[in-house]
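1. here's my sequence, what's the structure:
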Amino acid sequence: SPTGDSWGIFTFLCAALCNLPALPALNCSEELGAGQSIQQTYDLTRYLEHQLRTLAGTYLNYLGPPFNEPDFNPPRLARAERVPSATVDLDLWRGLTGNARLAANYRAYSRLLCYLRVLDGQVGTAELRHRLAHFCASLQGLVLSIGGVMSSLGYPLPAGPAGPPTPPGAPAAPNDFLKKMDDFWLLKELQTWLWRSAKDFNRLKKKVPPAVVTLRLEARGF
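-> Just a heads-up that it's a prediction; the model follows:
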């Protein structure tokens, strides 16, 4: 009968569905990935360059002459060698692997941040302390952002803490002028590092797409 035939078909379909293997379900997701992380790090580097121009002008005026004079360009003293130097031959720098350059940036900004925090505790005006604290917070963000780029590219973070700016037992600046010279070179090295980092991240972001759309097959059971 028609009713019997319909019931038989229904029973057959139910049995077939119950015995089907798990079917793959298509899931489309967007991975933010390295591209966006690099873009954000580049943007932060340029923002810090802008911040540093304002901060350096204010701080050099705080130090007074000759440090705030436009043509003041003293030789780098041996004491200043404790500050990470960005003075590296550009061809040599570009010859390094991406991992090596990122690791050098990460270590340098971690170290420079330590020096800046010491500086923040020594200045005598509330306005300058506020500016330094704001810059330190932004620089901390850059260190974290560089770490994020390295992780997204599969690179390990450099091992070991940055360490204290002045090793135990190291002599302090013997006079106020040399102390100011240390501060001057700290700002100068920061300026050079940020300039070079901006170029690094600008080149790197052109090599990595900003986002990757991936298709995943996920097992779904009934």
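2. alpha carbons only for contacts and neighbour counts from here, please
-> Noted.
3. following element in sequence after the helix or strand of the chain with the lowest mean pLDDT, please.
-> The weakest-scoring helix or strand in the chain, judged by mean pLDDT, DSSP states H and E, is strand 23-31 (a mean of 35). Counting by DSSP states H and E, the element after strand 23-31 in chain order, helix or strand, is helix 33-63.
4. give me the contact list for the helix or strand following that following helix.
-> Following helix 33-63 in sequence order, the next helix or strand is helix 90-94 (DSSP H and E). With contact meaning Cα atoms under 8 Å, 6 or more residues apart in numbering, helix 90-94 is reached by Arg101.
5. which strands or helices does the next helix or strand after helix 90-94 pack on?
-> Once helix 90-94 ends, the next helix or strand along the chain (criterion: DSSP H and E) is helix 98-120. Helix 98-120 sits against helix 126-152, helix 176-207, with contacts defined as 3 or more Cα pairs under 8 Å, 6 or more residues apart in numbering; DSSP states H and E.
6. and those helices, which one is worst for confidence?
-> With a mean of 90, helix 176-207 has the lowest mean pLDDT of these.
7. that older thread, Throw the helices and strands packed on helix 98-120 into CSV and include mean neighbour count, thanks.
-> Shown next, in CSV, are the helices and strands packed on helix 98-120 (neighbours: other Cα atoms under 10 Å):
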stretch, mean neighbour count
helix 126-152, 18
helix 176-207, 17
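8. in three-state terms, label Pro156 for me.
-> coil (DSSP: H, G, I helix; E, B strand; the rest coil).
9. does it really touch Met150, like I thought?
-> Yes: using Cα atoms under 8 Å, Pro156 is in contact with Met150, at 6.7 Å.
10. first to last residue in stretch 90-102, what's the distance?
-> End-to-end distance for stretch 90-102, by Cα to Cα, to the nearest Å: 15 Å.
11. any buried residues in that stretch, and which?
-> Asn99, Arg101, Leu102 (16 or more other Cα atoms under 10 Å).
12. how far away is the closest residue to the first one other than its chain neighbours from Gly147?
-> On the basis of Cα to Cα, 6 or more residues apart in numbering, the spatially nearest residue to Asn99 that is not a chain neighbour turns out to be Tyr155, at 6.4 Å. In this structure, Tyr155 and Gly147 are separated by 9 Å, where distance is defined by Cα to Cα.
13. just Gly124 next, same as before
-> With distances taken as Cα to Cα, Gly124 is found 33 Å from Gly147.
14. again with Gly33
-> 13 Å.
15. and what of Asn105?
-> In terms of Cα to Cα, Asn105 sits 10 Å off from Gly147.
16. can you add distance to Ser85 and give the helices and strands packed on helix 98-120 back as JSON lines?
-> Compiled in JSON lines, the helices and strands packed on helix 98-120 are given as follows (distance: least, Cα to Cα, whole Å):
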{"stretch": "helix 126-152", "distance to Ser85": "17"}
{"stretch": "helix 176-207", "distance to Ser85": "6"}
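17. gap between the two ends of stretch 116-125?
-> Termini of stretch 116-125 sit 15 Å apart (Cα to Cα).
18. show me which positions of it end up buried.
-> Buried, per 16+ other Cα under 10 Å, within stretch 116-125: Leu116, Arg117, Asp120.
19. let me see the contact set for the second one.
-> Meaning Arg117. Applying Cα under 8 Å, 6+ apart, the residues near Arg117 are Leu132, Ala133, Cys136.
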